[in-house]
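Undergrad: Pasting a predicted model and its sequence here:
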Amino acid sequence: MPLAKMVTSVPVVVNADACIAHKGCTVCVDVCPLDVLAVDMAEGTAYMKYDECWYCLPCEADCPTNAITVNIPYLLR
Amino acid sequence: MTQTATDTTVLETDILVIGGGTAGPMAAVKAKQKNPKLRVTLLEKANVKRSGAISMGMDGLNNAVIPGHATPEQYVKEITIANDGIVNQKTVMAYAQRSFDMINLLDDWGVKFEKDETGDYNVKKVHHMGTYVLPMPEGHHMKKILYRQLRRHRVQVVNRYMATRLYTGKDGRIAGASLLNPRTAEVATVKAKTVILCTGAAGRLGLPSSGYLFGTYENPTNAGDGYSMAYHAGAELSGIECYQINPLIKDYNGPACAYVTGPMGGYTANAHGNRFIECDYWSGQMMLEFYRELEGGKGPVFLKLDHLADETVQEIEEILHSNERPSRGRFHERRNTNYREKMVEMHISEIGLCSGHSASGVWVDENARTTTPGLYAAGDLGSVPHNYMLGAFVYGALAGEDASDYCAGHDFASISDDDIHAEQQRILAPLNKSDGVSPYQMEYKIRRMVNDYLQPPKVTRKMEIGLERFKEIREDLPMLYAQDPHELMRANELQFILDCAEMAAHASLYRTESRWGLYHYRVDYPDTNNDEWFCHVQTVKGDSGAPECFKREIDPYIVELDDEEKDAYNKLRVASTN
């Protein structure tokens, strides 16, 4: 069955200037209950890879540099 | 295309606890305390630091049985009546008798409960009859406190592995579990003398009205894993037709939350700002009145706080915006909803299975034992009605202690290589393809059908059609395609969801009466029929491979009810709003 490539807007925003994933930090990736965050190796920052957010906030609360903002997913706003 | 092969790696542990949310950490700690020599492994699909229903903490205890405020006997009565009589009272009593000790243990561990000026617990009234709600305004530290205890007791923690099935030996005894790593797609086998399932509710069963797959009431990582695994391991499930349906903030889909606001003067109101229910405690009867008001001319339903003093609202905001679902505040902000100025629109949640809130679970006795030897269930998964967080802790403790004793008398049951091979092929199949149907499409379809055909009011013919649709989706499973290990996790989870959907339909069709208010409101059998249905409905995997149901008698009550009390939860509507 053929596949499509579709784009969705995701609620977790990472401030690239503040994120220290390039220094090896993976706190937000570690604590996400849904495992939706990942580190972009090329950019050296964390990002939301899968549109499966429960807007529960551990990533934002535990980030050591306050680099993360969790918005309410668009469909729910 | 990712190449994956089956694996013969076999790990070994005495006690395997699956699920590191609430009940799981307590089970692991208590098993270690009982016998420090045992190897206790706590398996978690996410990370125990922030997993489960209480990842951001909890704002209070909903069912604290504290001397001077309530007795275990009163609590057993309250829950028996709230659950329309269908309870194994021994299991509720086992909780109630350990409730106070558990509160004191958590207090010792550093959980901050609300206390009065003399240092006594400051208990509030929310239930219809008794007084059981103990606020925890600083409850957001709960997971940190549990994590400290796991370290202290040297529990082996394995994060980011999901269990997919349980293995049983030839004699039906539990033998271990099959695991999948959702980041690497590595598969593994754990041999265990005993397994304690603490995998939470089936929270991804119905589709939220927003249509967002992960905008559920429950933490959506709880996909019904334990319901499905216990079912395939031959265990009895109970009360599956007694769905979980909760009153929520519309669209946000989180609790409003009446237990916090109620004691401070907030209440559930209709569009006219009038109270229509006597009591905001979550029961099926309350939900039926909520549903009627929501759908009626005075609907929809709101949480009313705009009559409260500014400092009271501020206190409510501080609790609601820092605990359990702290993103509530930013949701309101975007819609310009200020508790002081207008009422908050409410709605009802999608359906789910959960004993913590209603009564749908894996059947357990007063020691948390399931009907499969060596298998335990605790927390939202174990069939102890209205058990909430404190019940999860108590039943986690009971399971951990009993499992510890069980290990003394049992060796490992053997797992057949054929079983391991077949299971690993099953788990990995969606990854070993180059195209197909995505797990999101298939999950969406199952859950949309759950809404269309299973959501109350329940109608016989609709549920039968639902089963036909589920059967067709089951035939589609070979088309499932996962692009990466993460999607493979979702592909496996949707098979849990499909099992739960079929069980929910079968159990609901079997009980040909209405009971528990909205939870099992059958339009074509609108009355409660105590002559035929004053019993548990059990669901097991039948010989055909499909769910089969049967009646289980209710054990004689250990706390008798007065005739007058029996009806208390059927009189929830405020008389003037009829």
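TA: Structure's in. What do you need?

Undergrad: confidence score at the residue nearest to the spatial centre of chain A?
TA: Chain A has A:Met48 as the residue nearest its centroid, 3.1 Å off, counting by CA atoms, centre = their mean. Residue-level confidence at A:Met48 comes out at 98, pLDDT.

Undergrad: OK, contacts around the closest residue to B:Gly176 other than its chain neighbours?
TA: Closest residue to B:Gly176 apart from its sequence neighbours, by CB to CB, 6 or more residues apart in numbering or on different chains: B:Lys191 at 4.3 Å. For every residue, glycine as well, the C-beta is placed using N, CA and C. By CB atoms under 8 Å, 6 or more residues apart in numbering or on different chains, the contact list for B:Lys191 reads B:Val10, B:Leu11, B:Glu12, B:Thr13, B:Ala175, B:Gly176, B:Phe412, B:Ile415.

Undergrad: B:Asn246 reaches B:Ala256, doesn't it?
TA: No. The pair B:Asn246 and B:Ala256 fails to qualify as a contact (CB atoms under 8 Å) at a distance of 9.3 Å.

Undergrad: B:Gly24 belongs to a helix?
TA: Yes. Under DSSP: H, G, I helix; E, B strand; the rest coil, B:Gly24 sits within a helix.

Undergrad: For it, which residues are in contact?
TA: B:Val17, B:Ile18, B:Leu42, B:Glu44, B:Val48, B:Gly52, B:Ile196, B:Cys198, B:Ala378, B:Gly379, B:Gly396.

Undergrad: One more: B:Gly356?
TA: B:Ala53, B:Ala201, B:Gly379, B:Asp380, B:His386, B:Asn387, B:Tyr388, B:Met389, B:Gly391, B:Ala392.

Undergrad: Likewise for B:Glu553?
TA: So B:Glu553 contacts B:Cys535, B:His536 (CB under 8 Å, 6+ apart).

Undergrad: In which helix or strand does A:Cys28 reside?
TA: For A:Cys28, the element it lies in under DSSP states H and E is helix A:27-31.

Undergrad: show me where the stretch 151-300 of chain B has helices.
TA: With DSSP state H, counting those that start in this stretch, the ranges of helices along the stretch 151-300 of chain B come out as B:225-232, B:258-261, B:284-295.

Undergrad: wait, which of the ones you listed is closest to chain A?
TA: Chain A lies closest to helix B:225-232 among the helices of the stretch 151-300 of chain B, at 13.3 Å (CB to the nearest CB).

Undergrad: follow-up on the earlier one: could you take the helices of the stretch 151-300 of chain B and lay them out as TSV, with extra columns for distance to chain A?
TA: Formatted as TSV, the helices of the stretch 151-300 of chain B follow (distance: least, CB to the nearest CB, whole Å):
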stretch	distance to chain A
helix B:225-232	13
helix B:258-261	18
helix B:284-295	19
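
Undergrad: ranking these by mean pLDDT, which is last?
TA: helix B:258-261 - the lowest mean pLDDT of the helices of the stretch 151-300 of chain B, at a mean of 82.

Undergrad: Show me what it is packed up against.
TA: Helix B:258-261 sits against strand B:267-269, helix B:310-320, with contacts defined as 3 or more CB pairs under 8 Å, 6 or more residues apart in numbering or on different chains; DSSP states H and E.

Undergrad: if you compare the ones you listed, which one is most tucked away?
TA: Stretch with highest mean neighbour count among the helices and strands packed on helix B:258-261: strand B:267-269 (a mean of 22; mean count of other CB atoms under 10 Å in any protein chain shown).

Undergrad: What is the least confident helix or strand in chain B?
TA: In chain B, no helix or strand scores lower on mean pLDDT, DSSP states H and E than helix B:563-566, which sits at a mean of 78.

Undergrad: so B:Asn62 touches B:Thr131, yeah?
TA: No. Taking contacts as CB under 8 Å, B:Asn62 lies outside contact range of B:Thr131: 11.7 Å.

Undergrad: more crowded one of those two?
TA: B:Asn62 (22 against 19; other CB atoms under 10 Å in any protein chain shown).

Undergrad: Spell out which parts of chain A neighbour chain B.
TA: Counting by CB under 8 Å from any CB of the partner chain, chain A comes close to chain B at A:1-3, A:30-35, A:49-50, A:52-58, A:61-62, A:70-73, A:75-77.
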